[in-house]
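K.L.:
below is the structure, and that's it, no one-letter string:
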């Protein structure tokens, strides 16, 4: 029972760390990258905090011979 409590406590602490430190840092790096790519003239690249704009969009691979699909 004590081991389970430690495991649960550790998991909660990791989740808190992710929310408070990792995700904000990741968002900052993402914004920096977007700004750099926009400055280089990459088409359709612009800094944004909108989740829908950040989604990765890949072409559909069904019916193709693309190796990485």
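P.N.:
Cool, got the structure. Remember, predicted model here, so these are calculated numbers, not experimental data.

K.L.:
state the helix or strand in which the residue nearest the centre of the chain lies.
P.N.:
Nearest to the geometric centre of the chain sits residue 26, at 7.0 Å (CA atoms, centre = their mean). Under the criterion DSSP states H and E, the helix or strand holding residue 26 is helix 23-39.

K.L.:
pLDDT value on the residue nearest to the centre of the chain, please?
P.N.:
Per-residue confidence (pLDDT) for residue 26: 92.

K.L.:
now do it against residue 34, distance only.
P.N.:
Distance, residue 26 to residue 34, by CB to CB, to the nearest Å: 13 Å. No exception for glycine: its C-beta is placed from N, CA and C like everyone else's.

K.L.:
now do the helices in the chain.
P.N.:
2-17, 23-39, 51-54 (DSSP state H).

K.L.:
redo those helices as TSV? Include distance to residue 45.
P.N.:
Shown next, in TSV, are the helices of the chain (distance: least, CB to CB, whole Å):
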stretch	distance to residue 45
helix 2-17	30
helix 23-39	4
helix 51-54	10
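
K.L.:
and among the ones you listed, the most buried is which?
P.N.:
helix 23-39 (a mean of 12; mean count of other CB atoms under 10 Å).

K.L.:
got the angle between that one and helix 2-17?
P.N.:
Helix 23-39 and helix 2-17 meet at an angle of 30 degrees, taking axes from the mean of the first three to the mean of the last three CA atoms, to 10 degrees as the criterion.
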